[in-house]
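Trainee: I need the structure of the sequence given here:
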Amino acid sequence: VHLVESGGGLVQPGGSLRLSCVASGFTFNMYDMKWFRQTPGKGRELVAAITSTGRDTDYADSVKGRFTISRNNDKMTVYQQMNSLKPEDTAVYYCNAKLGASRRYDYWGQGTHVTVSS
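Mentor: Here you go, the predicted model:
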């Protein structure tokens, strides 16, 4: 099982980035997908979630209206479009795949760094 994130980098406040997470080794279209983020000294924060079919999405209040999660099950990829970025969005962003409420089938990527700074 692999989840490989990409798309992070340095961006100025107000700018945009698009994160991607490519999955392999499991039945992607059965898994709910989520983006988390983590800053030093803090736990992982749920940023956005999308159901296995892509029908339903959910967002942390701090990113509503600025971030959009989407997925392409044919490409086994989940995306996060991040607009109007703020310095407080600076974090390592992680992709997560989970099969329903299972604790066993719960996978993580290695993370991609996002830095929002002028």
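
Trainee: could I get the full set of helices for this structure?
Mentor: Secondary structure of the chain (DSSP state H): no helices present.

Trainee: closest to the centroid, which residue in it?
Mentor: Using C-alpha atoms, centre = their mean, the residue of the chain that lies closest to the mean C-alpha position is residue 35, 2.6 Å off.

Trainee: burial of the closest residue to residue 16 other than its chain neighbours, as a residue count?
Mentor: Taking C-beta to C-beta, 6 or more residues apart in numbering, and ignoring the residues beside it in sequence, residue 16 has residue 83 as its nearest neighbour in space, at 4.7 Å. All C-beta atoms are positioned from the backbone trio N, CA, C, and that covers glycine. The criterion is other C-beta atoms under 10 Å. On that basis, residue 83 has 14 neighbouring residues.

Trainee: in contact with residue 83, which residues?
Mentor: The neighbours of residue 83, taking C-beta atoms under 8 Å, 6 or more residues apart in numbering as the test, are 16, 66, 67, 68.

Trainee: re earlier: now do the same for the residue nearest to the centre of the chain: its pLDDT.
Mentor: At residue 35, the predicted lDDT confidence score is 98.

Trainee: any idea how far residue 13 is from the residue lying farthest from the centre of the chain?
Mentor: For the chain, the C-alpha farthest from the mean C-alpha position belongs to residue 118; by C-alpha atoms, centre = their mean, that distance is 23.3 Å. Per C-beta to C-beta, to the nearest Å, residue 118 is found 6 Å from residue 13.

Trainee: for residue 50, same thing?
Mentor: For residue 50, the distance to residue 13 (C-beta to C-beta) stands at 26 Å.

Trainee: tell me which of those two has more neighbours.
Mentor: The residue with the greater number of neighbours, taking residue 50 and residue 13 and applying other C-beta under 10 Å, is residue 50; the counts read 23 against 13.

Trainee: could you give the bridge partners of that one?
Mentor: residue 33, residue 57 (DSSP bridges).
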